[in-house]
Structure formats: C-alpha cells, structure tokens
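Trainee: Here's my sequence, what's the structure:
(2 chains)
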Number of protein chains: 2
Amino acid sequence: MKFNFKIEKKLEGTLARAGILNPPHGAIETPAFVAVGTKATVKALTPEQIKDLGAQVVLANTYHLYLQPGDEIVKKAGGLGKFMNWQGPTMTDSGGFQVFSLGAAYGKGISKIVKITDPSLMIPERFDDSDAPRLATIGNDGVSFKSHLDGSLHYITPEKSIEIQHNLGADIIFAFDECTSPTEDLRYQEEALNRTHRWAERSLKRHLELNALRQAQGKQGIALFGIVQGGRDEQLRKISAKAIAEMRMERVDPVTGEASFTGFDGFGIGGSFAKEDMSTAVKWVNEILPEEKPRHLLGIGEPEDLFMGIENGVDFFDCVLPTRLGRTGTIFTSAGKINIENAKYREDFTPIEEDCGCYSCNGYTKAYIAHLFHGKEMLAGTLASIHNLYFIVNLVKNIRNSILDGTFHKYKEDFLKKYNTK
Amino acid sequence: MKFNFKIEKKLEGTLARAGILNPPHGAIETPAFVAVGTKATVKALTPEQIKDLGAQVVLANTYHLYLQPGDEIVKKAGGLGKFMNWQGPTMTDSGGFQVFSLGAAYGKGISKIVKITDPSLMIPERFDDSDAPRLATIGNDGVSFKSHLDGSLHYITPEKSIEIQHNLGADIIFAFDECTSPTEDLRYQEEALNRTHRWAERSLKRHLELNALRQAQGKQGIALFGIVQGGRDEQLRKISAKAIAEMRMERVDPVTGEASFTGFDGFGIGGSFAKEDMSTAVKWVNEILPEEKPRHLLGIGEPEDLFMGIENGVDFFDCVLPTRLGRTGTIFTSAGKINIENAKYREDFTPIEEDCGCYSCNGYTKAYIAHLFHGKEMLAGTLASIHNLYFIVNLVKNIRNSILDGTFHKYKEDFLKKYNTK
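Mentor: As a prediction, the model looks like this:
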C-alpha cells in the first residue's frame, strides 16, 4: 500500500471503522468528508477558511483542471496543493464522471461511447493510440468530448487521465471509469462495467510506470484508488468489487529492477445511485473489498447517506452539496435544512445555530446573512459555505468519535430524529 | 469636537498633516484610506480580511442600507458595526450622492429636484413635513426617488437622512448634501450650493437633537461631518467652506438644560470632480476649514489623487475603486495597474508584487489568480480585492509615514515616477 492506513477501531455488527490514513501532506482521520475544490478552489473560500472549518483534505476535478488552466500549468506551479495554496492532502477524481455527467448536462457535448460486446475485452490489451480519434472520430479506448468552455474537442483515455492526474500531482488519484445512470438496463451496465475494468487495468499500468518515474526522480509516490461500478445490480457490484480488489499489474522497481505485482492503494465506489439502492450497493462492495485499504464513496454527502456509508464501511466521502447549497442560501441545521432567504429570518438576530462552532455562527446573525443574500453580496456564499461545510465535516467527525467511543447507534438515532423533524 | 483629533506633525510649505482621530471604536491614524462597505460588507471580504490588510475604518452607504435591509433592522441588530461584525470605527455617508448618481445611472429613477432661486432660501427655515411628497409629488425640502431595487418611491429630507444615519449608528456620519456634476453651469451650482447649505443646517439641527437623546440614554455620541460643495468655481468653493466651517446650531444639554452653539465635528469635501479641478478645489477649501478638525475627501482613491489630497490637507479618503477594479481583474502594482486576465500571466508563477505584504501576494501566484478569473471563481474577487485595498491603504499609510519623517516630497516623486512608467 502506498500510504499507511491504520484502523483504530471497528464497530461490532457493522462494517464501520475509524482509522488514520497517512499521505505525504498530513494525516487524515477517517471517516472523513473531503471538501470539493472543483477548479483548484473550494468555491468562495480561502485555504485558511477550509482548514479552520475542519476539512482535512481537498478533492479537485481532473476534467475541469485539464480544460482550464491545463494540467501542464498546474504541474509547472508545483502541483495542485501548491497551485491553490492548500498545505494539506489532496485528491483528484479521474474526470470520468464529469465527462459523462457534463455530457448529459450540456445536452450534446459528449460523443456516445461505442458499445463493446466482445467478451475478450475483459482481457487487458496493450494500449494502442493509433485508433485514437482525430477531431470528431470515436475510438474504443476512451471518450471524446467537447469542452463546455469553448466547444473544442478532446479525447481522454485511461492513460491520458492518469497522465493528467500525475501532472496535477495530488496525493490520491482515481482510475478512469465509466459512471452509468441507474436508469440504464442491465445489458448496458454489463458493457459499461467491462469497460471500467479494462480501463482500471490500463489506469493502474500507466500509474505504476509514472510512479516508477517519480521514484527515480526522488519524488513522493502517488496513491491510486480503483473504482468499483456495477449500478444497482448485486451480481455486477460483487463482480466489480472482486475484480478491482484483485487486480494486479506488474511493477518494475526503477532502482532494483525487480518486478512485482501491485494493486490499487484504495477504492472508490462509483455510480449515480437511486437513493434506495445505495446502502445495499455499498454493503455488497465493502463486504468484498479488502478491509485494510481505504474506501471512498464518490460524490455522496447528505447526512443520512453519511451514516449509511460509514455503517457500511466507507472511509471517505466528497460532495459539492454543502458549498453548492450554501451559495443558493440553503443551509444545514441540526433540525434540517433551512432557506435563509425566507422572510422570517430578516429580523432574526440569532446565529444559524446557537451551539455551532463554525466561524459564521460565531460572528453573524441570520438577519445579516439573509441581508447578504438579498443584496447578492459575495460574502453571503462565503458565510453559508463555511457553515454548511463545517456542518458536514463536523458531522462525519462526530460519527467517527461515536465509533471510537461505541455510541454510534445512539448518536445516529438522535441526530436523524432531530434532523428529520422538519 | 466630538472625538479628539490630534495633529502629530505638519509638513512645512503644504497643508499636509499626520494625526490621530479617536472615535469610540478605536483610534484612526490619519491620513487614512477608508474601506467602502456599501451594503454593510466590503465586497468579497470578511471583517478579519479587512482588518488584516490594514484598513482602520469602514464606510457604508446610507442609501443602500435604507432600502435594504432597512435602517430599523440595522438599529435592532445593534448598529452597523455589530450587524456586519466589524469591531473598528465606522462611517456612513448621507445618501445624497447615491440618490443623485444612481438617478443618473438608472436613467429615470430620480425625480429632478425643483430648482430654487429665491435668495431667502439661504436663510434657514424650520423643517415642515407638510409639503413632503406623497408618492410621486416633489417637495422643496428634499429629494424623492425610486428605489433601484423595486421601483418603490422614497423621499429623503436632511432630517430623514440624519435619522436613518443615527439608526445605522456609525461613529461618523455626514450631512445631507447635493452633489452636482462638473458639467452643470454656474447658475445651477449656486442654486445647488444654497440647498446644500440649507440642508447642512437642518442636518446639524436634527443631529444635535438626536445626539442629545443618545446622551440622555447614556449612549456614545455620534460625530457629524458637514459637506463642502461648490463645484469647480473658486468663489463658490470658498463661500461653501466658510459657510460650513462657521455653521452653528443651538444645542440644549439634556442633563443641565444649558444651551450652546455647536458646529460640525469635521468636514467632507464633496463633488463630482473633473480631474484637473480637484487639487485647486481641495486647496481653496482646506485653506479655509479650521485646521483642528478632520477633513474627508469623498469618493476619491486613485494614487495620484491621494498624494494631491494629502498635500492639500485631506485626512480621510474613501473609494470603491480598489474593490471594484479588483473584482474585474484590474490590479494595482507599484508600476501601474495590470489586467490579470492578460494571457501573459497564465504561466507567471510569481506573486502580483514580490515585495508586497498582502495576504494574496504571500500565498498565490499571478497564474493562480488569473486562473480564478478565467474560471469566474469567487475567490478571484477576494484575492484581487485584498491586494488592491492593501495597496491603497498601505500607500496612504506610507504617505503618512513620509509626513512624519519629512520625506514626503521624495516619496511622492519616487512613487509616481515608477507608478506612471506603464
């Protein structure tokens, strides 16, 4: 394993555990909520504000940084953390999810990937760039898409995603995968899963080559997490968990020249879930994934889902929800979400939550924050994002503590009872 | 005088001076640049960021806060400083400038004030609310205008402006005045000046009544600055300076019942200046205004104008320029302004200025700030505003120091030579 991951305590009768992961830029206590800094900035916040609210690690999006400012610029700046002045650990996703979801979001920017039905594709093949698309051509090896910024055409293969991510230089990166919609039929889920596995092997192979180069240059290695997919189907989820857990690629030590077989340093659980399927999917997967490696449930962040994920063995979460909701005036409280622009807050001179430890609740009233939103002031988004991120980061921290002191079930029951009163 | 103002040093052969003003919320070293927090927030900055960049005092706009959230809400919140969580001294302008300039800006929102030619109007008259406009009617005693937010009609008299400002509760407030355009003819400037003087008396009278009430309630008194107008005309400027300097109104002590005659606690120099007229206008005025009271040149903030103003006896400046320019990517440097969105900064991994002491220059490169602007990220405005405000606040601080150590002329020459190289 790339970075030491120590499990401190497991919660009996569940898959939950509290641990510590040690990437180069500082230890992360898990379970942990990762702040999302899509374009190398957690929207509206300075790195000091991110740190002060308790976030331990920031995840940026490969797709966005590849298009703007370009991964070569981030590399020249000294990597993601140095570029954005964040001293702590960093992650990047693989860009796969953005390529697909932005494709849907922008209507027609994404070329539909060619469907592969040949079972031999489960067998890894050497990457051959010769069939890479030129302009609008589509290849079997990756995804071509139009930039949402300028309409320019791009082609991302698993190798390319890993190369971009090595340029961005985060502590933890992810294999290139295909994220499917829960509405796709089983046939398509199977095809997509085959692609994801093939791409996982190619991601791992290229990653090991690039890590060997880094090692030869005396640089810190990067950790690669493989991504489990499979949609809502039990069999596919289990096949995927097993395939990704057991995947090994040959690694030649650049110093000794010795060959060994190396797998992923941790795992991502991907997918665009229907809410009711999520807990079973996570459980199926984590019962198979090796206990001693960290697991990241990608893109999930509602309070009830955090309890569910942790109970089912998840160590990391990331989600844009706290900051995205914050910027539109929707604010987390222990009694559910509120909309701060509601007229009743205009003359409410109490903080969002009396007993909240965040910066915003310690200096500002609901009336002031409501005023900032009504006035479309930038500080509105900052104060609401700080509170929301603190709320979620701190919730995961509290859940961690409840695992350590054995009060998880009571804490969960009390929290959700109050949270769902509204 | 309301607050102690001590002149520490005068610069021989000029009107420049370095001093200290002591309002209730903390001493202000002058000359000082006042950060503008239009709607009770310095756009994109937290109060800690404002303080850290060296700003000593924040000025909010009466017009904006009257319309949103309403001065009664700010009063209930404990006043401007408490509402916005700014611990230091505060100012509010009178709303006169915004009423007129937003009228121009929004095209037709402002009812043109009735022109008064009767010279008897220079004689103060008791305020009579009976001719105040109802809906769209126009009175002689103030200005009626449409809100730029919802089109609602409002009527502001000098008394109303002072009442609003007492509700906002800043340390220093301003008399209600009419700001004229430099393109208006002399006849109009005369008429407007008469109004401004009449309104100054009425502002002072209402202010003394409200301050007496505050005193009776055991609250800190507020300081009122009278505003000198007169456009570009020497005679009008001198008439105005003399009229405002000598203006006195009867004040009855709420405790002893004794009557005395009281003037303004300081002075604002108003006007929408043509650049070439500014230095003469400021000089004419400050040669007449009493030396022992502070003077504020309203709405001015370009580096060359700061030198000019200070050399001609100005103690305070305020201007939206540093933050407004900052939000659009125009950044102050000692060699002139730059546009950070320029392509050449995309791979410039140095700070905006190597020897700058601001937060932004100590953590971020031009390449990163350029990226934030290209990506339309909120942190872009924050980092650029911090640098720009620091640059201007610190420039005024350096000018102050150059008065104290007698190097003003050399500092000015060196600064402007480098600043105007581009």
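Trainee: Can you pull the phi/psi pair for the most far-flung residue of chain A relative to its centre?
Mentor: Within chain A, the residue lying farthest from the chain centre (CA atoms, centre = their mean) is A:Glu347, at 38.6 Å. As for A:Glu347, its main-chain torsions (degrees, to the nearest 10) stand at phi -120, psi 30.
Trainee: so it touches A:Ala367, yeah?
Mentor: Yes - at 5.8 Å, A:Glu347 and A:Ala367 qualify as touching, with contact defined as CB atoms under 8 Å. For every residue, glycine as well, the C-beta is placed using N, CA and C.
Trainee: what touches both of the two?
Mentor: B:Ile73 (CB atoms under 8 Å, 6 or more residues apart in numbering or on different chains).
Trainee: on that earlier part again, show me the contacts for the residue farthest from the centre of chain A.
Mentor: A:367, B:73, B:76.
Trainee: got the residues you listed as a markdown table, with pLDDT, neighbour count and secondary structure columns?
Mentor: Below are those laid out as a markdown table (pLDDT from 0 to 100; neighbours: other CB atoms under 10 Å in any protein chain shown; DSSP: H, G, I helix; E, B strand; the rest coil):
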| residue | pLDDT | neighbour count | secondary structure |
| --- | --- | --- | --- |
| A:Ala367 | 98 | 21 | helix |
| B:Ile73 | 98 | 19 | helix |
| B:Lys76 | 98 | 15 | helix |
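Trainee: Redo those as JSON lines? Include distance to B:Cys179.
Mentor: Listed next are these as JSON lines, based on distance: CB to CB, whole Å:
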{"residue": "A:Ala367", "distance to B:Cys179": "31"}
{"residue": "B:Ile73", "distance to B:Cys179": "27"}
{"residue": "B:Lys76", "distance to B:Cys179": "30"}
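Trainee: so which of those comes closest to B:Glu276?
Mentor: B:Ile73 (42.8 Å; CB to CB).
Trainee: who in the stretch 51-200 of chain A is up against chain B?
Mentor: Applying CB under 8 Å from any CB of the partner chain, we find that the stretch 51-200 of chain A lies next to chain B at A:64, A:68-69, A:73, A:76-78, A:83-85.
Trainee: For the nearest residue to A:Thr30 once chain neighbours are set aside, grab the count of nearby residues.
Mentor: In this structure, A:Thr30 finds its nearest non-sequential neighbour in A:Asp315, 4.1 Å apart by CB to CB, 6 or more residues apart in numbering or on different chains. Residues near A:Asp315, counting by other CB atoms under 10 Å in any protein chain shown, number 27.
Trainee: before we move on, what about the one 3 residues further on?
Mentor: Burial measure for A:Asp318: 23 neighbouring residues, criterion other CB under 10 Å.
Trainee: Name the residue of the stretch 101-250 of chain A that lies nearest to chain B.
Mentor: Residue of the stretch 101-250 of chain A nearest chain B, by CB to the nearest CB: A:Leu149 (9.0 Å).
Trainee: who are the neighbours in contact with the nearest residue to that residue once chain neighbours are set aside?
Mentor: Once flanking residues are discounted, A:Leu149 sits nearest to A:Leu67: 5.7 Å by CB to CB, 6+ apart. Shown in contact with A:Leu67 (CB under 8 Å, 6+ apart): A:147-149, A:154.
Trainee: Buried members of those residues into ChimeraX, please.
Mentor: The following ChimeraX command selects only the buried members of these, with burial defined by 16 or more other CB atoms under 10 Å in any protein chain shown:
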select /A:147,148,154
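Trainee: what's the pLDDT at the residue nearest to A:Leu149?
Mentor: Looking at A:Leu67, its pLDDT is 94.
Trainee: any idea how far it is from A:Asn22?
Mentor: 32 Å (CB to CB, to the nearest Å).
Trainee: average pLDDT across the helix or strand where A:Leu395 lies?
Mentor: Per DSSP states H and E, A:Leu395 falls inside helix A:378-404. Helix A:378-404 comes out with an average pLDDT of 98.
Trainee: any idea which of the contacts of A:Glu347 is closest to B:Val228?
Mentor: Distances from B:Val228 to these, taken by CB to CB, are shortest for B:Ile73, at 32.2 Å.
Trainee: for the closest one, what are its contacts?
Mentor: B:Ile73 sits in contact with A:346-347, A:367, A:371, where contact means CB under 8 Å, 6+ apart.
Trainee: Would you point out the helix or strand in chain A whose mean pLDDT is lowest?
Mentor: Least confident element among the helices and strands of chain A, by mean pLDDT, DSSP states H and E: helix A:96-105 (a mean of 58).
Trainee: Keeping just the C-alphas, turn the following helix or strand past that one into PDB.
Mentor: Using DSSP H and E, the helix or strand that follows helix A:96-105 in sequence is strand A:143-146. The C-alpha coordinates for strand A:143-146 follow below in PDB (Å, rounded to 0.1, in the frame of the first residue of the first chain):
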ATOM      1  CA  VAL A 143     -14.100   9.000 -24.500                       C
ATOM      2  CA  SER A 144     -14.100  12.000 -26.800                       C
ATOM      3  CA  PHE A 145     -16.000  15.100 -25.800                       C
ATOM      4  CA  LYS A 146     -16.500  18.700 -26.400                       C
END
